[in-house]
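> Make a model of this:
(chains A and B)
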There are 2 protein chains.
Amino acid sequence: MELLKTANEVAARTTAARGRGETVGLVPTMGALHAGHASLIATAAEQCALVVVSVFVNPLQFGPGEDFERYPRNLEADLQRAAEAGADLVFAPGIEQLYPPPVNITVHVGELADVLEGAVRPGHFDGVVTVLTRLFNLVGPARAYFGEKDYQQLVIVRDLVRELRLPIVIVNCPTLREEDNLARSSRNAYLDPTARAAASVLYRALAAGAAATEQGTRDAAAVRRAMYAVTEMEPAATVDYLEVTDPERLIVLERIDGPVRLLGALRIGGVRLIDNLAAAPNPTAD
Amino acid sequence: MELLKTANEVAARTTAARGRGETVGLVPTMGALHAGHASLIATAAEQCALVVVSVFVNPLQFGPGEDFERYPRNLEADLQRAAEAGADLVFAPGIEQLYPPPVNITVHVGELADVLEGAVRPGHFDGVVTVLTRLFNLVGPARAYFGEKDYQQLVIVRDLVRELRLPIVIVNCPTLREEDNLARSSRNAYLDPTARAAASVLYRALAAGAAATEQGTRDAAAVRRAMYAVTEMEPAATVDYLEVTDPERLIVLERIDGPVRLLGALRIGGVRLIDNLAAAPNPTAD
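The predicted structure is shown next:
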């Protein structure tokens, strides 16, 4: 596996691969690779001749007071994990490679950036799509891989590709979980043992919402109450949101008439966790 | 010459051309083609195997109260002019082709959109780069052609391509002028005879500033006064700005130490006109 640190080297390498007719796959990451990333890389390796993993902690997607400075960075461990999972190339640029000054052009997300994660993290999704647009045009992948754990990001990335007509297939991969169903996340490393023990409450709340939906609850407020009933049992957890939305546009629902996405965010011991689940009314529940 | 109205048809046509190794050139326009556009198209025809002219009055780059509704539209005349100049394909889409709903992703210009034209027309350049990003990715040109008349737009488009790493060479072509040096513009059609007679004041003001610069005036304020001295002789003209800037980043200068760009905008008879000129201290003037 190759490690490249400059944009020009990566562009040359991927341009050459495309010239040979090879499918280039991109797994964009902020490093701190875990089993969830490994599963994205392994899927890419099944589908692509050249698998590029980018490792870049993107300052544009962190707000003031967020964890940009303390975000875990360990390139050596990332290289090993990427290689084991089947990556061919890791691109670990310095900031000047992706944002050579002057920075005058950014990409902006409309309504979808104002809800859920966006409501709590203003500017976050603008930072995400700005770095992705630069990475996509630099690497030129035919396929790019994203985890469902960041479900709102996935919906926005699909908009990005469709609206700007980027010739990229977006592949989504299921969320990987710990034994107690806590979603794998680089930020789990921040959890102390007490917080770690409490952290599965987010999954349990979403699962309670999914169960209520599947059992035929049509009133979204009742599903939300089922989710809050779980988190209220965990005093260490402070909920940012627990919502029932349509799976395509993430519009918060009042009534459930088909498949939904349940999304939640909460804070435990100073660590912010997000997760989501699909659910649909069971046809036999009517 | 071919006329296509759907995005998919244009993408198929240009993808096939690239597959045959042909250079695709794009001349993005809002229609109302004049000799300036014809010169861009003719230059493209010299350099490209497939010359695409887009004709689309982009609502995103017009502000409230601007002339979106009355902007001149005459596709028949545009087709004739484009064909005569050497275009191979005119792409004249409806709005749903470039902005299929939902529209959630736009492109945003930073500091460069806050000065000069941007200060008078908030949001204008965001609209320009948003439609251009969509057009660029749809058409996939190797080269795209822009007139120097819209100089600030040219600088911003160069930023767009460089920062988002679009694989496109931006070609700039000199401003075409009427006999009295009025810059060719689709908006000149709005000028009534009285306003038309007065309109050359903008060029004359810029030329006075260029002469002062070339004669060795180092104080930018004195160059600005030389320009305003000309416009003040024309009571029909209301100046939006007349500025001395550096040619690369359009920073308004206090002192002239090398090549500059003089940019101006004024209104005459309800019509807004812009123009610009390059100038540099004559080495023999020191």
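> C-alpha from now on. contacts and neighbour counts both.
Will do.
> residue ranges of the helices in chain A, please?
If you assign secondary structure with DSSP state H, the helices in chain A sit at A:7-19, A:35-47, A:75-85, A:95-98, A:117-120, A:124-139, A:151-163, A:193-198, A:201-214, A:220-231.
> Which among those helices is found nearest to chain B?
Go through those one by one with C-alpha to the nearest C-alpha and the one that ends up closest to chain B is helix A:124-139, at 4.9 Å.
> got the residues of chain A near chain B?
By the rule C-alpha under 8 Å from any C-alpha of the partner chain, the part of chain A lying against chain B is A:99-100, A:103-112, A:133-134, A:137-138, A:159-160, A:163-166.
> Go again with 7 Å.
Where proximity means C-alpha under 7 Å from any C-alpha of the partner chain, the interface of chain A facing chain B comprises A:104-112, A:133-134, A:137-138, A:159-160, A:163-166.
> on that earlier part again, so which of the helices of chain A is the most surrounded?
Scoring these by mean neighbour count under mean count of other C-alpha atoms under 10 Å in any protein chain shown gives helix A:201-214 as the most buried, with a mean of 24.
> check contacts around residue A:198.
If you count contacts by C-alpha atoms under 7 Å, 6 or more residues apart in numbering or on different chains, residue A:198 has none.
> ok, residue A:269 touching residue A:195?
Yes. With contacts counted by C-alpha atoms under 7 Å, residue A:269 reaches residue A:195, the gap being 5.6 Å.
> what about residue A:244, how many residues close to it?
32 (other C-alpha atoms under 10 Å in any protein chain shown).
> Which residues does it form beta bridges with?
The residues listed as beta-bridge partners of residue A:244 by DSSP bridges are residue A:262.
> what's the distance between it and chain B?
In this view, residue A:244 and chain B are 21 Å apart by C-alpha to the nearest C-alpha, to the nearest Å.
> Looks like that residue contacts residue A:220 (just checking).
Yes. Here residue A:244 reaches residue A:220: they are 6.3 Å apart, a contact under C-alpha under 7 Å.
> Touching both of the two, which residues are there?
By C-alpha under 7 Å, 6+ apart, residue A:244 and residue A:220 have these common neighbours: residue A:253.
> Tell me how far stretch A:149-156 lies from the chain's centre.
Between the mean C-alpha location of stretch A:149-156 and the chain-wide mean there is a distance of 6 Å, by C-alpha atoms, centre = their mean, to the nearest Å.
> Show residues contacting it.
The list of residues contacting stretch A:149-156 from outside it, by C-alpha under 7 Å, 6+ apart, reads A:146, A:148, A:175, A:275-276.
> nearest to residue A:35, of those?
Lowest distance from residue A:35 to the contacts of stretch A:149-156 (C-alpha to C-alpha) belongs to residue A:175, with 9.7 Å.
> now that closest one: how far from residue B:57?
Taking C-alpha to C-alpha, to the nearest Å as the measure, residue A:175 and residue B:57 are separated by 44 Å.
> Looking at those two, which is more packed in?
Taking other C-alpha under 10 Å, residue A:175 and residue B:57 do not tie; residue A:175 has more neighbours (24 against 21).
> The more buried one contacts residue A:148, correct?
Yes. Here residue A:175 reaches residue A:148: they are 5.4 Å apart, a contact under C-alpha under 7 Å.
> Now distance to residue B:40 and mean pLDDT too, for the helices of chain A, in TSV please.
Below are those laid out as TSV (distance: least, C-alpha to C-alpha, whole Å; pLDDT from 0 to 100):
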stretch	distance to residue B:40	mean pLDDT
helix A:7-19	30	97
helix A:35-47	43	98
helix A:75-85	48	98
helix A:95-98	32	97
helix A:117-120	43	96
helix A:124-139	26	98
helix A:151-163	28	98
helix A:193-198	63	97
helix A:201-214	58	98
helix A:220-231	57	98
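> between these, which gets nearest to residue B:252?
Within these, the stretch nearest residue B:252 is helix A:95-98; the backing value is 26.2 Å (C-alpha to C-alpha).
> gap between the closest one and the chain center?
Mean C-alpha position of helix A:95-98 versus that of the full chain (C-alpha atoms, centre = their mean) differs by 22 Å.
> Could you list the domains of chain A?
When chain A is parsed with automatic domain parsing, its domains come out as A:2-173, A:186-276.
> In JSON lines: the ones you listed, plus distance to residue B:190.
Conversion of these to JSON lines gives the following (distance: least, C-alpha to C-alpha, whole Å):
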{"stretch": "domain A:2-173", "distance to residue B:190": "33"}
{"stretch": "domain A:186-276", "distance to residue B:190": "43"}
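> burial measure for residue A:142, as a count.
Using other C-alpha under 10 Å: residue A:142 sits among 18 other residues.
> I'd say it and residue A:25 touch.
Yes. The pair residue A:142 and residue A:25 qualifies as a contact (C-alpha under 7 Å) at a distance of 6.1 Å.
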